[in-house]
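>>> Next input, structure requested:
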Amino acid sequence: MQNVQEYIIKNKQRFLDELIQLLRIPSVSADSAFSQDVFDTSEAVKTALENAGCDIVEICETEGYPIVYGEKIIDPSLPTVLVYGHYDVQPPDPIDLWNSPPFEPVIKETEIHPEGAIFARGACDDKGQMYMHVKALEFMVKTEQLPCNVKFMIEGEEEVGSNNLAVFVANNREKLSNDIILISDTGMIANDVPSITTGLRGLSYVEVEVTGPNRDLHSGLYGGAVANPINALTKMIASLHDKNNHITIPGFYDKVENLSLEERAEMAKAPFSLEAYQKALNISSVDGENGYSTNERNSIRPTLDVNGIWGGYIGEGAKTVIASKAYAKISMRLVPNQDWQDITQLFKTHFESIAPKGITVKVKPHHGGQGYVTPIDTIGYQAASKAYETTFGKKPIPQRSGGSIPIVALFEKELNSKTILMGFGLDSDAIHSPNEHFGVWNYFKGIETIPYFYHHFTEMNK
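Numbering: from 1, shown residues only. Here you go, the predicted structure:
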């Protein structure tokens, strides 16, 4: 791609400054206290798309936060790429574990990112990776090298389940019509080992409420005589896995896709150091379902994890109380063929059935989505592979991810389009965690690589 590296070098500081300004806005979709900030971020994305060269940019209202739509149509007879991303971010909690304020971006060197990384909530997930596409478009438009049509759909509710996106997509099939969907909300194996995500796990996210007595009780007067909701909840949660870390919900594995030994052998060729993995997490040992490797456990096998648990007194000092209620948030990552709504119902039925006497249970589903697998024999995948090979000097490795992007399956159903997942983040970038960051090198490498995808995809479609 002519002059792409020169263009990046010339505009490097501006590209960084623009992203940092976007990261300063606390667009936390899960917390209504940040509602105005989320709306402000949609306006900032609209302005960025206009400045990059889109001819039409719209703020599309939904029942929740808006979707920013933009397009640059140069010739209707040419292929059209639809770029999806999101501008909302996860809550920054726990704040005290951040080494710098989550919405005051700083660039610091790290062992993995010696050239520096941008530390801020949303740096990698997904503002930084979404913004790579905006700057890639700017390069192609300003240098008159855009080879095909491009559309953008950037939403503000991905971190809370994309509840309104399905309605928007169903109502705007013609507006969103495309030949391929491009998303950068995943990662790669390492900076010197490029990879393309070819599989995503599905998701079922629920909240449980366990109730015992009708009020908090004195633990001396009532302890041992009535069921303690916190005790009951912890026992119920513990029973969801057996000694082999197998999930005990009846029917949970009925539709699980079991990969062949040959497929598992291919997966095992990806470079992986268990020692480095443990060191990076400061753990002495890994854990998971018996009979599977670490990379298999976090990609091709379903899981169940407690994401939060609370109840009773947690303030300073002591308060001898038996809480009336206890709560937990639980997520289940699912593999292809597991329907998230079926799994949610299986969980609800089972969890209610194991409640001890004197305890009542409520299961509240939050959100979910289906798993997805991208074929590697498509033009879209081959174009992405060529793009990585051009800028990295080696072919990328196809890799299944443990993460979930529920709307990918929705896109295929509603728009009849395949999705290519060109992620440039790393597992060590701490997305959803304190001290989230995104390598400066990775940010610019994405801007450099993405235009080649457009070029190869257009050429291969001729």
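>>> who are the neighbours in contact with Asn353?
If you look again at residue 353, you'll see it is Ser, not Asn. With contacts defined as C-beta atoms under 8 Å, 6 or more residues apart in numbering, Ser353 has no neighbours. (Glycine included, C-beta is placed from N, CA and C.)
>>> Quick check: it vs Ile359, distance?
Separation of Ser353 from Ile359 (C-beta to C-beta, to the nearest Å) stands at 12 Å.
>>> so His218 touches Val226, yeah?
No - the criterion here is C-beta atoms under 8 Å, and His218 misses it with Val226 at 11.0 Å.
>>> Compare neighbour counts for those two and give me the winner.
A direct count of neighbours by other C-beta atoms under 10 Å for His218 and Val226 places Val226 higher, at 13 against 10.
>>> what's the distance between Met153 and Asp31?
From Met153 to Asp31 the distance is 24 Å (C-beta to C-beta).
>>> Mind checking which of the two has more residues around it?
Met153 (25 against 14).
>>> Show the pLDDT at that one.
Met153 carries a pLDDT value of 98.
>>> Tell me if I am right that it is in a strand.
Yes - looking at Met153 with DSSP: H, G, I helix; E, B strand; the rest coil, it is inside a strand.
>>> That one: what's it in contact with?
Counting by C-beta under 8 Å, 6+ apart, Met153 has contacts Ile67, Val68, Tyr69, Leu82, Val83, Tyr84, Gly85, Leu176.
>>> now the strands for the stretch 101-250 of the chain?
Along the stretch 101-250 of the chain, counting by DSSP state E, counting those that start in this stretch, strands occupy 106-108, 117-119, 149-155, 180-183, 195-200, 202-211, 217-218.
>>> how about the ones you listed, which one is nearest Cys54?
strand 149-155 (6.9 Å; C-beta to C-beta).
>>> Please state the offset of the closest one from the chain centre?
Put simply, strand 149-155 sits 18 Å off its chain's centre (C-alpha atoms, centre = their mean, to the nearest Å).
>>> ok, and the closest non-adjacent residue to Val226?
Spatial nearest neighbour of Val226, chain neighbours left out: Pro213 (5.6 Å); criterion: C-beta to C-beta, 6 or more residues apart in numbering.
>>> pretty sure the one you found is touching Ile322, no?
Yes - if you go by C-beta under 8 Å, Pro213 and Ile322 touch, sitting 7.1 Å apart.
>>> do you know how far Pro213 is from Ser324?
Counting by C-beta to C-beta, the gap from Pro213 to Ser324 is 6 Å.
>>> Determine the residues that are contacts of both of His218 and Val226.
Counting by C-beta under 8 Å, 6+ apart, the residues touching both His218 and Val226 are Ile322.
>>> who are the neighbours in contact with Lys357?
Ala227.
>>> Use 14 as the first number for this chain going forward.
Renumbered: residue one is now 14, and that last one reads Lys370.
>>> What confidence value was assigned to it?
pLDDT, Lys370: 94.
>>> Thr93 too?
Confidence for Thr93, expressed as pLDDT, is 98.
>>> Equivalent analysis for Ile87, please.
pLDDT, Ile87: 98.
>>> Quick check: longest helix in this protein by residues?
For the chain, the helix that runs over the most residues, judged by DSSP state H, is helix 453-474.
>>> Report the mean confidence score over that one.
The model assigns helix 453-474 a mean pLDDT of 98.
>>> That one - contacts with which helices or strands?
Packing partners of helix 453-474 (3 or more C-beta pairs under 8 Å, 6 or more residues apart in numbering; DSSP states H and E): helix 17-36, strand 93-99, strand 130-132, helix 140-155, strand 193-196, helix 392-405.
>>> which of those is buried the deepest?
When the helices and strands packed on helix 453-474 are scored by mean count of other C-beta atoms under 10 Å, the highest mean neighbour count falls to strand 130-132 (a mean of 27).
>>> partner strands of it, parallel or antiparallel?
Paired with strand 130-132 in the same sheet, following DSSP bridges, are strand 119-121 (antiparallel), strand 450-452 (antiparallel).
>>> Any idea which of those gets closest to Glu19?
strand 450-452 (21.0 Å).
>>> what sits up against that closest one?
121, 123, 125-126, 128-133, 136-137, 141-142, 204, 438-439, 442-443.
>>> mind running it again at 6 Å?
Here strand 450-452 makes contact (C-beta atoms under 6 Å, 6 or more residues apart in numbering) with His126, Ala130, Ile131, Phe132, Ala136, Cys137, Gly141, Asp442.
>>> returning to that earlier point: any chance of the helices and strands packed on helix 453-474 in JSON lines, plus distance to Glu275?
Putting the helices and strands packed on helix 453-474 into JSON lines (distance: least, C-beta to C-beta, whole Å) gives the following:
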{"stretch": "helix 17-36", "distance to Glu275": "39"}
{"stretch": "strand 93-99", "distance to Glu275": "33"}
{"stretch": "strand 130-132", "distance to Glu275": "38"}
{"stretch": "helix 140-155", "distance to Glu275": "32"}
{"stretch": "strand 193-196", "distance to Glu275": "28"}
{"stretch": "helix 392-405", "distance to Glu275": "20"}
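>>> Quick one: neighbours of Arg186, just the number.
So Arg186, with other C-beta under 10 Å, has 11 neighbours.
>>> Now it. Its backbone dihedrals?
Note on Arg186: its backbone torsions stand at phi -60, psi -40 [degrees, to the nearest 10].
>>> And Met201, by the same measure?
According to degrees, to the nearest 10, Met201 has phi -130, psi 170.
>>> pretty sure it is touching Pro207, no?
Yes - counting by C-beta atoms under 6 Å, Met201 sits close enough to Pro207 to count as a contact (5.3 Å).
>>> can you pull the contacts of Gly129?
By C-beta under 6 Å, 6+ apart, the neighbours of Gly129 are Ile120, Glu122, Val453.
>>> Please report which of those residues has the highest neighbour count.
Val453 (20 neighbours).
>>> So that residue is in contact with Pro127, correct?
No - counting by C-beta under 6 Å, Val453 does not reach Pro127; the two are 10.1 Å apart.
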